[in-house]
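Q: Structure of the sequence below:
(2 chains)
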Amino acid sequence: ELKVEQNPLFLSMQEGKNYTIYCNYSTTSDRLYWYRQDPGKSLESLFVLLSNGAVKQEGRLMASLDTKARLSTLHITAAVHDLSATYFCAGASGTYKYIFGTGTRLKVLA
Amino acid sequence: DGGITQSPKYLFRKEGQNVTLSCEQNLNHDAMYWYRQDPGQGLRLIYYSQIVNDFQKGDIAEGYSVSREKKESFPLTVTSAQKNPTAFYLCASSDSGTGVEKLFFGSGTQLSVL
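A: Numbers count the residues shown, from 1 in each chain, chains lettered A, B, ... in the order given. Sure thing, here's the model as predicted:
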């Protein structure tokens, strides 16, 4: 059974700094997703990673996937306050079964 | 604009009462899902439906029921058997068969017990 673990659970960082959120998964995952959630709001899709070595970048966020290590990372470059949110990774076991991590709550301090 | 509409935004349930959360999508997606989110936790799957008139239990289906009579609609009923219903409920859909199967989420319903 697919399990997804994220760390850290909480991250407080200064503006302008870099940091990485880690997402480990326990068995083969067909796809790996990253989502962002603002407080009290819905989830917004950030990245979909489909194959080993996949790297996607959008603004200050970059996601990568290493299927051999069963690890995905979300790297934040030169953080700004607007990036404060909760970030979730999710694996997929088959077409319809998505397993979410517990989320990383990011707070960027001015 | 295409999207997923959930209603109501806030819902209060009295003890012993069944309540129904609405979810409508106009994305023409075949698959629809219901997730429960508790504070500080990830999303847990309640039910999903691959196609009209078909649905499967997720990891925490006890105390919930669903129907899928139309492609666009996937309502969730929280029954009186669900003893701890207070949570944020998210409906989602996906376009199966694309190889990407990204989830699109509604804006959520916050359910509380009176």
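
Q: Who is the residue in chain A that chain B sits nearest to paired with across the strands?
A: Distances from chain A to chain B, computed as Cβ to the nearest Cβ, single out A:Phe100 as the nearest residue at 4.0 Å. Any C-beta I mention is one placed from the backbone N, CA and C, and that applies to glycine too. Under the criterion DSSP bridges, A:Phe100 forms beta bridges with A:Ala90.

Q: residues contacting the spatially most central residue of chain B?
A: The residue at the geometric middle of chain B, judged as the C-alpha nearest the mean C-alpha position with Cα atoms, centre = their mean, is B:Trp34 (2.8 Å). With contacts defined as Cβ atoms under 8 Å, 6 or more residues apart in numbering or on different chains, the neighbours of B:Trp34 are B:21, B:23, B:45-48, B:58, B:64, B:66, B:74, B:76, B:89-92.

Q: Which residue is the nearest non-sequential neighbour of it?
A: Among residues not flanking B:Trp34 along the chain, B:Ile46 sits closest, at 4.3 Å (Cβ to Cβ, 6 or more residues apart in numbering or on different chains).

Q: Please name every helix or strand in contact with the helix or strand bottoming out on mean pLDDT in chain A.
A: When the helices and strands of chain A are compared on mean pLDDT, DSSP states H and E, strand A:97-100 comes out lowest with a mean of 90. The contact analysis (3 or more Cβ pairs under 8 Å, 6 or more residues apart in numbering or on different chains; DSSP states H and E) places strand A:97-100 against strand A:85-93, strand B:43-51.

Q: got the ones you listed as JSON lines, with mean pLDDT, mean neighbour count and distance to B:Lys70 columns?
A: Putting the helices and strands packed on strand A:97-100 into JSON lines (pLDDT from 0 to 100; neighbours: other Cβ atoms under 10 Å in any protein chain shown; distance: least, Cβ to Cβ, whole Å) gives the following:
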{"stretch": "strand A:85-93", "mean pLDDT": "93", "mean neighbour count": "24", "distance to B:Lys70": "26"}
{"stretch": "strand B:43-51", "mean pLDDT": "94", "mean neighbour count": "21", "distance to B:Lys70": "11"}
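
Q: could I get these as a markdown table with distance to B:Thr109?
A: A markdown table is the format used below for the helices and strands packed on strand A:97-100 (distance: least, Cβ to Cβ, whole Å):
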| stretch | distance to B:Thr109 |
| --- | --- |
| strand A:85-93 | 18 |
| strand B:43-51 | 12 |
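
Q: Figure out which of the ones you listed is closest to A:Ser29.
A: Among the helices and strands packed on strand A:97-100, strand A:85-93 comes nearest to A:Ser29, with 3.5 Å by Cβ to Cβ.

Q: Quick one: residues in contact with the closest one.
A: Applying Cβ under 8 Å, 6+ apart, the contact partners of strand A:85-93 are A:1-2, A:4, A:6, A:21, A:23, A:25, A:27, A:29-39, A:43, A:46, A:72, A:74, A:98-101, A:103-106, B:42-43, B:101, B:103.

Q: Thanks a lot, see you next time.
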